[in-house]
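Trainee: quick one, fold the following:
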Amino acid sequence: MRRITSKIDPQSGEFFTYAAHNRKILAAFHEKQHHARFTRSERDVERLRNQKKLLVRERIDLLLDPGTPFLELSTLAANLAYDGSVPSAGLVSGIGIVNGREVMVMASDSTIKGGAWYPLTVKKMVRTLDICLENHLPVVHLVDAAGAFLPLQSGLFPDRHMAGRIFRNQCILSAKGIRQVALVLGHSTAGGAYIPTLSDYSVMVRGTGGVFLGGPPLVKAATGEEVTADELGGADVHSTISGTADYAVDSEKEGLALVREIIGTFARPSKMAMEKRDAEEPYYDPGELYGIIPDNVKKQFDMREVIARIFDGSRFHEFKPDYGATAVCGFAFLYGWKVGIVGNNGVLFSDSAQKCTQFMQLCDRDLIPVIFLQNITGFMIGKSYEHGGITKDGAKMLMVQSNLCVPKLTIMTNGSFGAGNYAMCGRAFDARFLFSWPNSQISVMGMEQAIKTLTQIHINALKRQGKTLSPEAVQKIKEEVSKDYMEKSSAYYATSELWDDGIIDPADTRKVLGICLSAALHRKINTTYNGVLRI
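Mentor: Below is the predicted model:
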């Protein structure tokens with residue numbers, strides 16, 4: 001493969017302007033990330049210390065193999081919800097290495113409302129287990145949760161993808177032979193009692209661990225029976241009497257060591273067979289991405305420059321380079337694995353949609369994972385484009401992309417608007433993993449058009465009520481609409497609502513994609529094709 005020849009001048013004024021803008025955005029992102037991970041009240045930390053408990057990240061550090069990476073998912077989940085009082089949605093989840101095996105860790109953060117489940121906590125738990133199902137990843141549950149946050153119970157209990165989905169996913173994982181190990185470090189109450197019970201291996205810590213459908217206060221209220229938590233469902237009760245737990249340990253450290261030992265008995269999985277060669281670092285510095293991404297979402301950049309700073313040797317074999325210029329398709333290697341890349345260099349026209357469709361068929365037939373690099377305003381609109389079949393060509397792209405058998409990974413690098421988000425494997429289209437850069441924006445249409453439309457709708461409604469608006473009043477409406485639209489199209493709002501698997505530093509994209517691809521290859525796939533159509 002030929003190395004991409006970069007046209008970026010790292011000494012140019014534009015490069016420095018963009019780099020300064022993006023470093024400012026990154027500084028704010030890293031500050032928010034640090035706050036979500038580590039800022040806790042002294043009272044909550046002291047409460048855990050008095051119970052001889054470790055903090056959630058201390059537990060994870062002891063669980064993982066020393067010196068190995070941990071890809072945390074959705075660190076800023078719920079960052080704009082619940083008045084910011086539930087950082088990371090009260091749950092830490094991510095992919096790490098335990099005794100040489102790649103596993104998913106799902107750990108309660110009991111410094112936050114005792115580990116209570118909020119609606120977004122449940123959404124994060126369901127998504128975490130979905131990832132395990134999609135990629136056949138073993139799971140370690142570190143359980144220390146007070147159960148549902150009752151004032152919001154209607155938002156986390158009854159519907160299809162609410163709390164019941166956690167336990168449904170656990171049952172499906174078991175049926176597929178995807179192993180689960182639970183370590184009960186605190187109380188696991190009501191529905192939460194099923195997490196360790198539905199796991200293949202269950203370990204409980206004496207004195208602090210407890211599993212019961214109803215805790216002592218509920219038992220007293222319902223039956224009049226007075227019982228302590230330990231008598232009701234402590235580690236010794238469940239490991240010697242009920243058989244609900246398999247092991248009882250005397251400390252958290254002992255429990256974590258036992259979990260490591262159990263995982264060490266698992267067979268090492270063979271991965272999906274695909275073309276592999278020696279890995280090679282990018283020829284161009286990934287840090288230069290800061291000077292490539294513009295300071296305004298409306299400004300274009302060449303996606304080839306992004307590719308050159310993520311993939312092995314900055315080498316890229318471009319498919320149909322002279323056709324459908326607003327889409328960039330081709331083959332590259334990522335840590336030695338062959339991948340297909342679909343990226344945007346502008347709005348999708350019929351020819352660019354056709355090119356993407358044909359290329360994705362090639363990747364699926366040849367078992368090559370596809371990486372989508374989104375910077376898309378949508379499909380081109382207008383009379384001549386409709387007559388030319390833009391809707392039909394977009395539908396073809398959606399049809400093929402939706403039915404790909406190979407792993408799909410998506411990075412939202414800048415703009416992600418309208419049906420372009422769909423075609424480029426947005427959240428609704430089951431990318432195995434999807435991450436956002438902190439500068440990215442997502443909405444049903446571009447900000448400028450949306451603000452004009454929403455402002456006009458608001459003004460027309462007031463006029464129908466017989467109200468006369470001064471230019472100052474019109475400007476105020478526009479500013480209010482703009483502020484709301486900007487907030488709800490930002491990467492922080494998207495990740496708060498779990499529309500992605502987390503915001504990442506652009507310079508870390510290669511590492512993140514590498515971990516995700518390695519995890520995705522746990523699941524072997526077979527695809528049957530009747531031949532590749534030249535769309």
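Trainee: any stretches of the stretch 351-500 of the chain with poor pLDDT?
Mentor: Within the stretch 351-500 of the chain, the stretches with pLDDT under 70 are 446-447.
Trainee: count the neighbours of residue 334 for me.
Mentor: Residue 334 has 21 neighbours, counted by other C-beta atoms under 10 Å. In this view, the C-beta of every residue, glycine as well, is placed from N, C-alpha and C.
Trainee: quick one: distance of the helix or strand bottoming out on mean pLDDT in the chain to the chain centre.
Mentor: Lowest by mean pLDDT, DSSP states H and E among the helices and strands of the chain is helix 447-464, with a mean of 78. Relative to its chain's centre, helix 447-464 lies at 34 Å (C-alpha atoms, centre = their mean, to the nearest Å).
Trainee: ok, residues contacting that helix?
Mentor: With contact meaning C-beta atoms under 8 Å, 6 or more residues apart in numbering, helix 447-464 is reached by 297-298, 441, 443-445, 469, 474, 477-478, 481-482, 485-486, 489.
Trainee: over to stretch 489-496?
Mentor: Residues contacting stretch 489-496 (C-beta under 8 Å, 6+ apart): 32, 74, 76-81, 120, 412, 436-443, 447, 487, 500, 502-503.
Trainee: redo that, cut-off 7 Å
Mentor: 74, 76-81, 436-438, 440-443, 447, 487, 500, 502-503 (C-beta atoms under 7 Å, 6 or more residues apart in numbering).
Trainee: do stretch 12-26 as well
Mentor: Here stretch 12-26 makes contact (C-beta under 7 Å, 6+ apart) with 8-9, 290-295, 438-439, 505.
Trainee: mind putting those residues in a markdown table, neighbour count, secondary structure and distance to residue 50 included?
Mentor: Converted to a markdown table, the contacts of stretch 12-26 look like this (neighbours: other C-beta atoms under 10 Å; DSSP: H, G, I helix; E, B strand; the rest coil; distance: C-beta to C-beta, whole Å):
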| residue | neighbour count | secondary structure | distance to residue 50 |
| --- | --- | --- | --- |
| 8 | 19 | coil | 55 |
| 9 | 10 | coil | 59 |
| 290 | 21 | helix | 45 |
| 291 | 24 | helix | 50 |
| 292 | 24 | coil | 51 |
| 293 | 23 | coil | 47 |
| 294 | 18 | coil | 52 |
| 295 | 15 | coil | 49 |
| 438 | 22 | coil | 38 |
| 439 | 24 | coil | 43 |
| 505 | 19 | coil | 37 |
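Trainee: for those, work out which two are farthest apart.
Mentor: The most widely separated members of the contacts of stretch 12-26 are 9 and 438, with 24.4 Å between them, by C-beta to C-beta.
Trainee: I'd like the average pLDDT over whichever helix in the chain runs longest.
Mentor: Counting by DSSP state H, the longest helix found in the chain is helix 13-38. Averaged over helix 13-38, pLDDT sits at 98.
Trainee: then stretch 61-71?
Mentor: In this model, stretch 61-71 has a mean pLDDT of 98.
Trainee: flag every buried residue along it.
Mentor: Residues of stretch 61-71 classed as buried: 62-64, 70-71 (neighbour count, 16 or more other C-beta atoms under 10 Å).
Trainee: quick check: phi and psi at residue 344.
Mentor: For residue 344, the backbone dihedrals (degrees, to the nearest 10) come out as phi -110, psi 140.
Trainee: contact partners for it?
Mentor: By C-beta under 7 Å, 6+ apart, residue 344 lies in contact with 303, 326-327, 374-376, 424.
Trainee: what's the most distant pair in those?
Mentor: Using C-beta to C-beta, the pair of those lying farthest apart is 326 and 374, separated by 13.1 Å.
Trainee: the more surrounded of these two?
Mentor: residue 374 (27 against 19).
Trainee: so how far is residue 412 from the more buried one?
Mentor: 5 Å (C-beta to C-beta, to the nearest Å).
Trainee: got it, and residue 37?
Mentor: Residue 37 sits 22 Å away from residue 412, going by C-beta to C-beta.
Trainee: now stretch 133-152: mean pLDDT?
Mentor: 94.
Trainee: next one: stretch 166-186
Mentor: Stretch 166-186 comes out at a mean pLDDT of 97.
Trainee: which among the contacts of helix 447-464 end up buried?
Mentor: Buried, going by 16+ other C-beta under 10 Å: 297, 441, 443, 445, 477-478, 481-482, 485, 489, out of the contacts of helix 447-464.
Trainee: so of these, which ones are in strands?
Mentor: Among those, the ones falling in strands (DSSP state E) are 441, 443.
Trainee: so which of the buried ones among the contacts of helix 447-464 comes closest to residue 89?
Mentor: The nearest one, if we look at the buried ones among the contacts of helix 447-464 relative to residue 89 and count by C-beta to C-beta, is residue 489, at 20.9 Å.
Trainee: between residue 37 and residue 412, which has more neighbouring residues?
Mentor: More neighbours surround residue 412 than the other of residue 37 and residue 412, with 28 against 17 (other C-beta under 10 Å).
Trainee: follow-up on the earlier one: among the buried residues of stretch 61-71, which lie within strands?
Mentor: Using DSSP E, the members of the buried residues of stretch 61-71 that fall in strands are residue 71.
Trainee: want to try TSV for the buried residues of stretch 61-71, with distance to residue 391 as columns?
Mentor: Formatted as TSV, the buried residues of stretch 61-71 follow (distance: C-beta to C-beta, whole Å):
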residue	distance to residue 391
62	55
63	50
64	49
70	44
71	38
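Trainee: closest to residue 265 out of the buried residues of stretch 61-71?
Mentor: After measuring those against residue 265 - C-beta to C-beta - the closest member comes out as residue 63, at 15.6 Å.
Trainee: wait, doesn't that closest one sit right on residue 259?
Mentor: Yes. With contact defined as C-beta atoms under 7 Å, residue 63 reaches residue 259; the gap is 6.4 Å.
Trainee: need the overlap of contacts for the two.
Mentor: Shared contacts of residue 63 and residue 259 (C-beta under 7 Å, 6+ apart): residue 140.
Trainee: measure the residue nearest to residue 145 when sequence neighbours are not counted to residue 487 for me?
Mentor: Spatial nearest neighbour of residue 145, chain neighbours left out: residue 115 (3.7 Å); criterion: C-beta to C-beta, 6 or more residues apart in numbering. To residue 487, residue 115 is 29 Å away according to C-beta to C-beta.
Trainee: who's in contact with residue 222?
Mentor: Contacts of residue 222 (C-beta under 7 Å, 6+ apart): residue 214.
Trainee: could you pull up phi and psi at it?
Mentor: phi -90, psi -40.
Trainee: run through the helices of the stretch 51-200 of the chain in chain order.
Mentor: 56-63, 119-135, 163-175, 194-197 (DSSP state H, counting those that start in this stretch).
Trainee: which outside residues touch the third one?
Mentor: By C-beta under 7 Å, 6+ apart, the list of residues contacting helix 163-175 from outside reads 117, 122, 125-126, 129-130, 132-133, 139, 156-157, 180, 191, 194, 198, 200.
Trainee: before we move on, what about the longest one?
Mentor: Contacts with helix 119-135, where a contact means C-beta under 7 Å, 6+ apart, come from 73-74, 77-78, 81, 89-91, 93, 104, 106, 137, 139, 152, 155-156, 161-163, 165-166, 169-170, 172-173, 178, 432, 498, 519-520, 522-523.
Trainee: that helix vs helix 163-175, what angle?
Mentor: Here helix 119-135 points in a direction 20 degrees away from that of helix 163-175 (axes from the mean of the first three to the mean of the last three C-alpha atoms, to 10 degrees).
Trainee: tell me the buried residues in helix 119-135?
Mentor: Buried positions in helix 119-135, judged by neighbour count with 16+ other C-beta under 10 Å: 119-135.
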